[in-house]
Structure formats: C-alpha cells, structure tokens
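Novice: Need the 3D shape of this:
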Amino acid sequence: MGGASFDHQSPLLRAELGDSSFRRTGTTWTATAHIITGVIGSGVLSLAWSMAQLGWIGGPVTMLVFAAITLYSTFLLCNCYRTPDPEYGPGRNRSYLEAVQVNLGPKNATACGVLVQLDLYGIAIAYTVTAIQKSNCYHNKGHDAACGYSDTFYMLVFGALQIVLSQLPDFHDLKWLSILAAIMSFTYSSIGLGLGLAKTIGDGFVKGSISGVSASSPLEKVWLVAQAFGDVAFAYPYNVILIDIQDTLKAPPPENQTMKKASTMAIFVTTIFYLCCGGFGYAAFGDNTPGNLLTGFGFYEPYWLIDFANACIVLHLLGAYQVFSQPLFGNVERWASYRFPNNGFVNREFILSLPTSKTLRFNFLRLCFRTLYVLSTTAIAACFPYFNQVLGVLGGFYFWPLSIYFPVEMYLRQMKIEVWTKKWILLRLFSLFCLLLTILAVMGSIQGVISAKLS
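Specialist: Sure, this is the predicted structure:
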C-alpha cells in the first residue's frame, strides 16, 4: 500500500493490506443506502429536544451547518481511499485506520486507533442508555398517573441479552441482525415523525418560538445550546465507516467520484428526514419537548403504536450494539492472540454440539472479555442514564478528531498542499472552527451530565 509498513507493535491497528479478490459491484445507489442505514439511528430521537433548545431559526440552521460540515469532510476523506492518486492510484486503503496509517504514519494511526476503539465503546454505552418503557400504564391509568419504571432494570435485561449475542464468534454471523436493526431504525424514526406531524395537525397550530426553550439564566441557556450541538453532532457523522463502504464500489467511474455523489444524496435525504423529525416534534410539544421523543413519553396514544415503536427501538439497539462492538472485540482478541500465541486461554477453541445438529465454537477469552465488556457498558449506563447528555458528550468528543482532524490532515498530506497557501489556510480555519464547536458541545454536555447526576 504505497510502500507503507505497518507497525507490528500495534496489532490493534492491523488492517488487511493489498487488494482483495472479491468482485466489487457497489454503485451510487447501494452506497447511498449503506450511508443512510449507518447514519439514521437512535440519535434521531434527540433532535426534537435539540430543536427546542435552539429555536425555530437556530435549530434548522444548526442541522444544515452540521450537514455541510459532514459533507465537506467526507469529500476530503473520499480522496484518501486510493494512494497516491485519489482516482487512479494503485493502492487501496480498505478502512479508515488503514488510510490514517498510510497517509499520516504509525503515531497518528495509534492515536486514531485508540479514539476509534473508545468511540465504539462509547456508542455501546449510549445504546444501553436508550431504555424501553411501556405506555400501557398511562393508557390504563391516565397520562398523569405515577407510572414508575426503573431504567436500570431494562438496562440489566438489555445487558443480559447482549452477553448472549456477544458470544457469536465473528461479524459475519451478525448479517441478519444488522439488516433487522436497519429496518427497525427506519420504522421507529418514521413513527416518531408521523406522530409529531399528526399531533401538530390535530392541535391546529405550531408550538415553539424563535429563541427556543427559556432557561433560568443566560449561562444555563448557553449550556443547553451547547448540549444541543453535541446531540446534533452525534446524529450526523459516518466517516469511520465511509472508506469501508467505498471499498465496495465498482470502477470505473473512479470510486471517489461515486462516493461523493452517494454522500451528497445521503446527506440530503438524512437532513430532510432530521429536519422533519426535529421540526414536527418541536412543533407538537414546544417547550415541553422531551429528551427522547418516543421513550420520553412525548406521545401516549395510540399506546399500541408507541409500544410497537419502543419494541423497534430495542430490536434496533440489540443489533446496533453488536455492529459497533464486534469490530472492537475482533481487534482486542487479535491483539491478544498476537501477543500470546501459545496461550490456551487465548487461542484454544472448544466446539459444543447443539440439539439442532449445529455446533457452537467456544473460547475462554471471548467468553470472559466480551462478558466483562458488556457488564462495564451496562454499569456505566446505569450510573449515567441521561440520554441527551450522554449523546452530547459522545457526539462532541469524537466529532472533531475523527470527522474533521484526520480527514483534513490526510487530505493536506496526500494532495501535497503547501503551507500558508490559500487552501491550506482555509482548511486550517475549517478545522479550528470545528474544534471550537466540539469544545463547546463537550463542555455543555458534561455540565448537563453533572447537573443531572446531582439533581
């Protein structure tokens, strides 16, 4: 790959070098579908709350700004798939980490690898926080009834299911779960959008204001706006999976051209969907917009539809948790196998015969590590069960380094842009602006977590 030599002291970053033997058949449409499926998830449920904090002008403008930033950064990253030439270079970078390794060297790749693993771990925590609640109690006893449900109980049940699913040996065994998760994601997002539209039409007027929800002090308003930035940042970027999707595309035309078209279409569709979900949710509830549009009980009726939407959320989270955790599992287990090649605990596989005449591969390292991993994410989620605040922290913390810094640095290096040229200065200012936005979002979200914990 362009003369790159991978550092064997960092097996967590190892990627498959060289071109693969499979035939690439992806098109603009398949890439667009993959992006939309990867982007739209539980983050969409927080957008109505974010819109409420920002108001009718600030909310849509913020979503459009993040959409533009995401699109531009993906354009930069698309050019890093092939090396040294972005269109006709003989080398392919088949993953985000491999692109960083080839363009920026082992030190940056190590830092990026750590951030990616932490990102995957943080997403697992966020998915655990999104707990299901039943609306039947409110239907039977009235909307003002004291229907108390313990989020911790649902998180423990969710964690127990994840311990079982985590024992699947590899990512290929999860294809069916990934497809189901994608379908469920679109289903509950569409239900939330439809209910918001129906309630707005039923009320006969649009709630909300230009300035958004009022706060007890100007400083408190700043924290809420910053937290909303973090929630929007969590909902948009997909840079970590972009090159993986680009590696499925056929050529000609050059993959970067196809990927730029697909990204433009996907971001356009996603932004329209986000504006509708956030806008109709805010229009329906105004200042009372809940943090999580469905499980926060912004809606009560029809209760059967709310229960169905919540069930879709759980099914989506079951699959999405594994989709984001399995790469981390694989990285850690390959690292352990590399460091301890003769250790039976790490490498020995046992085969269990099942009554269905199928077999299950069993490994002590996989059992222990993956179980402890799920237990740790469940414990952290139970300690900090604050949906909007957790999404804001994660969105803010990883937005700049993974979505902005590395794509910009790789583009500058690959295109050999000279220092202090106009393009160099503009790209540096773009990165600086996004860094300041990220710092603000992280500070606001951390303040929200602390305030929620203390209260």
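Novice: Any stretches of the stretch 1-150 of the chain with poor pLDDT?
Specialist: Counting by pLDDT under 70, the stretch 1-150 of the chain shows low-confidence ranges at 1-22, 41-42, 130-150.
Novice: Show me where it has its helices.
Specialist: 28-39, 47-78, 96-104, 106-129, 136-141 (DSSP state H, counting those that start in this stretch).
Novice: Among these, show me which one is buried the most.
Specialist: Mean neighbour counts were compared across these using mean count of other CB atoms under 10 Å; the top stretch is helix 96-104, at a mean of 25. The C-beta positions use only the backbone N, C-alpha and C, and glycine is treated the same way.
Novice: Could you check the angle that one makes with helix 47-78?
Specialist: Compare the direction of helix 96-104 with that of helix 47-78 by axes from the mean of the first three to the mean of the last three CA atoms, to 10 degrees and you get 50 degrees.
Novice: What is the distance between helix 96-104 and the centre of its chain?
Specialist: Once both centres are worked out by CA atoms, centre = their mean, to the nearest Å, helix 96-104 turns out to sit 21 Å from its chain's centre.
Novice: Kindly report the same for stretch 39-56.
Specialist: Using CA atoms, centre = their mean, the distance from the centre of stretch 39-56 to the centre of the chain it belongs to is 14 Å.
Novice: on that earlier part again, right, and the helices of the stretch 1-150 of the chain - which one's nearest Lys207?
Specialist: Distances from Lys207 to each of the helices of the stretch 1-150 of the chain were compared using CB to CB; the shortest belongs to helix 47-78, at 9.3 Å.
Novice: Ile36 and Thr270 touch, don't they?
Specialist: Yes. Judged on CB atoms under 8 Å, Ile36 makes contact with Thr270 at a distance of 6.0 Å.
Novice: and Cys434, what is it in contact with?
Specialist: 69, 399-400, 403-404 (CB atoms under 8 Å, 6 or more residues apart in numbering).
Novice: same deal with Lys207?
Specialist: By CB under 8 Å, 6+ apart, the contact list for Lys207 reads 200, 282-287.
Novice: which among those residues end up buried?
Specialist: If you count burial by 16 or more other CB atoms under 10 Å, the buried members of these come out as 200, 282-286.
Novice: In helices only, show me those.
Specialist: When the buried ones among the contacts of Lys207 are checked against helices (DSSP state H), the matches are 200, 282-285.
Novice: Show me which residues of stretch 207-217 are buried.
Specialist: 207-208, 212-213.
Novice: Let me see the contact set for the nearest residue to Pro254 once chain neighbours are set aside.
Specialist: Nearest non-adjacent residue to Pro254, counting by CB to CB, 6 or more residues apart in numbering: Glu87, 4.0 Å away. Contacts here follow CB under 8 Å, 6+ apart; on that basis Glu87 touches 254, 256-257.
Novice: how much space between Glu87 and Phe273?
Specialist: To Phe273, Glu87 is 31 Å away according to CB to CB, to the nearest Å.
Novice: got it, and Trp424?
Specialist: 35 Å.
Novice: Just want to know which of these two has more residues nearby.
Specialist: Comparing Trp424 with Phe273 by other CB atoms under 10 Å, the one with more neighbours is Phe273, at 19 against 13.
Novice: I am finished for the moment; much appreciated.
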